[in-house]
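Peer 1: need a 3D model of the following:
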Amino acid sequence: MTELATESVEYFRPNFFVNTPDILHEYLQGGGRPAFEARLVLAATLSPSYGIYSGYERCENVALRPGSEEYLDSEKYEVKQRSLEGPLLPLIKRLNEIRRSNRSLWRIDDVTFLETANDALIGYAKHTESDTVIVCVNLDPHSAQEGLLSIPAGLELPGSFVVQDLLTDGTYLWQSGGNFVRLGPGGAHVMHVR
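Peer 2: Purely as a prediction, here's the structure:
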C-alpha cells in the first residue's frame with residue numbers, strides 16, 4: 001500500500017478487489033461474514049477504486065476441497081444466473097455513500113498508517129486539506145479485539161476533536177495520542193473528523 005501511494009501514484013491507479021473468481025483465500029473460507037466485512041471495508045476505504053466479484057455479497061465461501069483456494073461452484077467452469085441480493089448489500093451501499101461524500105477517500109496517496117497496540121487491529125487516516133477520515137478494522141473474524149489507536153501530531157488535528165462513525169452514526173471525543181477502540185469480529189470504524 002505504501003508503495004502504491006508513493007512511488008507509482010503518477011502513472012498507476014490500482015483497483016482493489018475484495019475477491020476474484022479464481023482465488024478463495026483461507027481467510028474467507030473460515031472467517032464467515034466478519035471476514036467478508038473486514039475485506040470490504042479495507043478495499044472500499046484504502047483505494048479510490050475497488051471491485052466486488054459476484055457472490056461476495058452473499059459471503060460465498062465453499063472451497064472445492066479442503067486446502068484448495070478454488071471455489072466449489074466456480075464461475076470459471078459454469079454459467080450462473082445471478083440476482084442482486086445478499087447480507088452484505090446494506091454495508092456495500094453505505095460504504096459507497098461514504099466514499100462519495102468524503103474527498104479523502106477519492107485518492108490513494110493520502111494514507112497514513114496509524115500505530116495500534118494490537119496486531120489484530122489495522123488503523124489508517126485518509127487526509128486532505130478539507131477532509132479527514134480515520135479507519136480502524138478488526139482483522140480477526142472470530143473474536144472481538146481492543147487496543148489503542150494512536151493519532152500522531154503529524155496529522156495536524158487539534159489536541160482533542162470529535163469523530164463521527166459513518167457506519168453507526170455514533171460520535172466520540174478523540175485526542176492526539178492513544179484512543180481506545182473495541183471492535184467485534186471483522187468490525188470497523190469509519191470515522192469522519194468534524
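Peer 1: three-state assignment of residue 174?
Peer 2: Three-state call for residue 174 (DSSP: H, G, I helix; E, B strand; the rest coil): strand.
Peer 1: surely it and residue 162 touch.
Peer 2: Yes - counting by C-beta atoms under 8 Å, residue 174 does reach residue 162; the two are 7.4 Å apart. Heads up, the C-betas are built off the backbone N, CA and C, glycines and all.
Peer 1: between those two, which one's more packed in?
Peer 2: residue 174 (21 against 13; other C-beta atoms under 10 Å).
Peer 1: ok, residue 39 touching residue 28?
Peer 2: Yes - in this structure, residue 39 is within contact of residue 28 by C-beta under 8 Å, at 7.3 Å.
Peer 1: residues in contact with both of these two, list them for me.
Peer 2: residue 19 (C-beta atoms under 8 Å, 6 or more residues apart in numbering).
Peer 1: so which of those two has more stuff around it?
Peer 2: The neighbour comparison of residue 39 against residue 28 (other C-beta under 10 Å) goes to residue 39, with 25 against 22.
Peer 1: could you find the closest non-adjacent residue to the more buried one?
Peer 2: In space, residue 39 comes closest to residue 18 once its chain neighbours are excluded; the distance is 4.7 Å by C-beta to C-beta, 6 or more residues apart in numbering.
Peer 1: what ranges do the helices span in this structure?
Peer 2: 2-6, 26-46, 89-101 (DSSP state H).
Peer 1: now for the second one, which elements pack on it?
Peer 2: When you say that, I think you mean helix 26-46. strand 16-17, strand 50-51, helix 89-101, strand 121-127, strand 132-138, strand 188-193 (3 or more C-beta pairs under 8 Å, 6 or more residues apart in numbering; DSSP states H and E).
Peer 1: between that helix and strand 121-127, how big is the angle?
Peer 2: 20 degrees (axes from the mean of the first three to the mean of the last three C-alpha atoms, to 10 degrees).
Peer 1: list the buried residues for helix 26-46?
Peer 2: Neighbour-count burial for helix 26-46, counted by 16 or more other C-beta atoms under 10 Å, picks out 28-29, 31, 34-46.
Peer 1: quick one: it to strand 132-138, angle?
Peer 2: 170 degrees.
Peer 1: residues touching residue 24, list them.
Peer 2: Neighbours of residue 24 in contact, by C-beta under 8 Å, 6+ apart: 61, 63, 68, 69, 70, 71.
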